[in-house]
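Chemist: Model the following, please.
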Amino acid sequence: MKKYIYTSLLAVAAFVFDACDDGRIYPETKTLTQGRTVLLEGTLEGLDSWPGDYRISIAGFEGADDDYADLSKVISSSDLTDGKVSVELSGIKENITLVRLCVLDRLRRHIVTFKEVDVSKADERVTMDVGTLNIGMLNVIQTSFFNTTCANCHGASNRAAAGLYLTEGRSYGALVDVDSKKVEGRKLVAPGASSNSVLHMVLNQQSVEGIAMDHRDLVSEKNQTTILPLIDSWINNGAKEN
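Modeler: Predicted coordinates:
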């Protein structure tokens with residue numbers, strides 16, 4: 001009986017060995033990863049100045065010309081401790097080449113970038129150190145629009161057309177709740193009412209009574225769909241300085 005059992009065990013072992021060692025070489029099993037991670041660290045000033053129409057986010061894009069984020073994580077005041085932030089964007093897949101600290105609208109459309117990192121050849125974990133950034137709504141309008149589009153005529157060259165200074169540090173006081181010298185009965189920026197503000201009129205209308213120049217020619221096509229709505233939102237939400 002023992003001899004029979006021993007012979008049977010040898011036969012089973014031989015069968016198992018033959019089944020496993022079939023002569024083929026199988027590829028090594030790899031553990032599937034969940035994508036890369038970017039850790040955002042720094043100090044952010046002005047986060048509370050943004051209304052609900054816009055979101056400060058860490059977001060991934062397929063390329064520099066991609067207008068919409070593939071994935072994003074909103075940064076809220078609860079993520080800040082004394083202004084300092086430490087937030088991760090995880091699950092970044094191979095199609096994502098850029099990760100940005102940026103402003104997105106409700107559709108996750110890119111409005112403006114504060115900082116970005118190229119992750120196309122990155123390891124599994126990347127740190128984005130942004131230092132100290134002023135991300136306030138007015139500062140975004142100043143740096144991305146007033147400085148680049150308006151200031152050349154309005155104060156940057158030691159002269160200001162119509163006496164209106166739109167240079168950094170002077171634009172807020174020159175615009176908000178200030179009576180227009182050109183358009184009777186209107187303010188340059190009327191907090192809470194963009195449609196009644198001369199700034200909105202000259203940037204969006206072909207002609208404004210009292211103002212000879214058509215300013216729309218100065219606004220790029222991209223800014224027409226991103227920055228001009230941003231300016232209106234800033235005005236409608238009180239035209240805050242900080």
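Chemist: Show me this protein divided up by domain.
Modeler: Domains of the chain are assigned by automatic domain parsing as 36-135, 138-236.
Chemist: what's the burial count for residue 138?
Modeler: 21 (other CB atoms under 10 Å). Placement of C-beta: from N, CA and C, glycine included.
Chemist: what sits against residue 139?
Modeler: residue 46 (CB atoms under 8 Å, 6 or more residues apart in numbering).
Chemist: now the host helix or strand of it: how far from the chain's centre is it?
Modeler: In this structure, residue 139 is located in helix 137-141 according to DSSP states H and E. Distance, stretch centre to chain centre, for helix 137-141: 13 Å (CA atoms, centre = their mean, to the nearest Å).
Chemist: Equivalent analysis for stretch 108-128, please.
Modeler: For stretch 108-128, the distance to the chain centre is 10 Å (CA atoms, centre = their mean).
Chemist: mean confidence for it?
Modeler: Stretch 108-128 carries an average pLDDT of 95.
Chemist: try stretch 159-169
Modeler: 92.
Chemist: Ok, stretch 202-217 next?
Modeler: Mean predicted confidence for stretch 202-217 is 87.
Chemist: if we can go back for a sec, in TSV, list the domains of the chain along with distance to residue 242.
Modeler: Putting the domains of the chain into TSV (distance: least, CB to CB, whole Å) gives the following:
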stretch	distance to residue 242
domain 36-135	6
domain 138-236	7
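Chemist: On the three-state scheme, residue 116 is what?
Modeler: With DSSP: H, G, I helix; E, B strand; the rest coil as the basis, residue 116 sits in strand.
Chemist: Looks like it contacts residue 110 (just checking).
Modeler: No: here residue 116 does not reach residue 110: they are 10.5 Å apart, not a contact under CB atoms under 8 Å.
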